[in-house]
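> need a 3D model of the following:
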Amino acid sequence: MTANNAAPAFATIMLLTGIGIPILAALNSGLGGRLGSPMAACVILFGVALLIAITGALFTGTLGHVRLSSDIPVHFYFGALFMAFYVIAVTFIAPRFGVGNAIFFVLVGQLISAATIDHFGLFGAIRSAIDAKRIAGIALMVAGVYLARRS
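Below is the predicted model:
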């Protein structure tokens with residue numbers, strides 16, 4: 001299956017992922033409130049996620065591929081840092097700032113970061129130059145998210 005043939009499935013999966021992000025924020029911030037510790041909620045979230053990832057790796061027979069290796073540039077391991085930062089920040093901030101407001105700024109940050117990564121082809125990403133049409137599209141997305149969050 002090529003990327004073009006898989007595009008509808010990929011889009012659906014990513015849409016569901018996007019739907020899950022605010023749910024994750026609401027659930028984990030609620031857990032942090034009930035536990036009295038956002039950090040404890042993050043430990044539980046990452047513990048459960050680790051068990052799921054290990055199960056998936058065992059199920060697919062790819063657990064042996066888990067390794068730290070000098071032949072892999074160190075910056076590829078930093079994804080965990082960004083994931084931890086996101087989960088800890090949203091777990092702490094969402095109950096104080098509102099899930100919608102927190103995710104609004106996450107979305108704006110994602111748009112800026114994704115456009116920059118694509119424009120420069122960073123980290124091996126497919127290059128997609130930022131042009132006037134793309135800037136207008138991103139601006140419309142940011143405006144749409146802003147209008148959807150405006151009270």
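> so where does Met39 fall, helix or strand?
Assigned by DSSP states H and E, Met39 belongs to helix 38-60.
> cool, Pro8 as well?
Using DSSP H and E, the element containing Pro8 is helix 3-35.
> next, the angle from that helix to helix 38-60.
Using axes from the mean of the first three to the mean of the last three CA atoms, to 10 degrees, the direction of helix 3-35 lies 140 degrees away from that of helix 38-60.
> quick revisit: can you list contacts of the helix holding Met39?
Helix 38-60 is contacted from outside by 24, 28-29, 31-32, 35, 63, 65-66, 84, 87-88, 91-92, using CB atoms under 8 Å, 6 or more residues apart in numbering. For glycine as for every other residue, the C-beta is placed from the backbone atoms N, C-alpha and C.
> which element is encountered next along the chain beyond that helix?
On the C-terminal side of helix 38-60, the closest following helix or strand by DSSP H and E is helix 79-97.
> so after that following helix, what's the next helix or strand?
Remark: after helix 79-97, the chain's next helix or strand is helix 99-120, criterion DSSP H and E.
> between helix 79-97 and that following helix, find me the angle.
Using the same axes, to 10 degrees: helix 99-120 against helix 79-97 is 150 degrees.
> what comes up buried for helix 99-120?
Within helix 99-120, the residues that count as buried by 16 or more other CB atoms under 10 Å are Val99, Ala102, Ile103, Phe104, Val106, Leu107, Leu111, Ala115, Ile117, Asp118.
> check stretch 14-21 too.
Ile21.
> let me see the mean pLDDT of it.
Averaging pLDDT along stretch 14-21 gives 91.
> and for Ala26, the neighbour number?
Neighbour count of Ala26, defined by other CB atoms under 10 Å: 17.
> an error on my part: the question was meant for Gly32.
Other residues within reach of Gly32, judged by other CB under 10 Å, total 23.
> mind listing what's buried along the lowest-mean-pLDDT helix or strand in the chain?
Lowest by mean pLDDT, DSSP states H and E among the helices and strands of the chain is helix 132-149, with a mean of 87. Buried positions in helix 132-149, judged by neighbour count with 16+ other CB under 10 Å: Ile138, Val145.
> can you dump the C-alpha atoms of it in CSV for me?
C-alpha atoms of helix 132-149 as CSV (Å, rounded to 0.1, in the frame of the first residue of the first chain):
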residue,chain,number,x,y,z
ALA,A,132,1.7,32.3,0.5
LYS,A,133,-1.1,29.8,0.0
ARG,A,134,0.2,27.7,2.9
ILE,A,135,0.6,30.7,5.1
ALA,A,136,-2.9,31.7,4.3
GLY,A,137,-4.2,28.2,5.1
ILE,A,138,-2.4,28.1,8.4
ALA,A,139,-3.6,31.6,9.3
LEU,A,140,-7.2,30.5,8.5
MET,A,141,-6.7,27.4,10.7
VAL,A,142,-5.4,29.6,13.6
ALA,A,143,-8.3,32.0,13.1
GLY,A,144,-10.8,29.2,13.1
VAL,A,145,-9.4,27.7,16.3
TYR,A,146,-9.4,31.2,17.9
LEU,A,147,-13.0,31.8,16.9
ALA,A,148,-14.0,28.3,18.1
ARG,A,149,-12.5,29.1,21.6
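> that's all I had, so thanks and see you.
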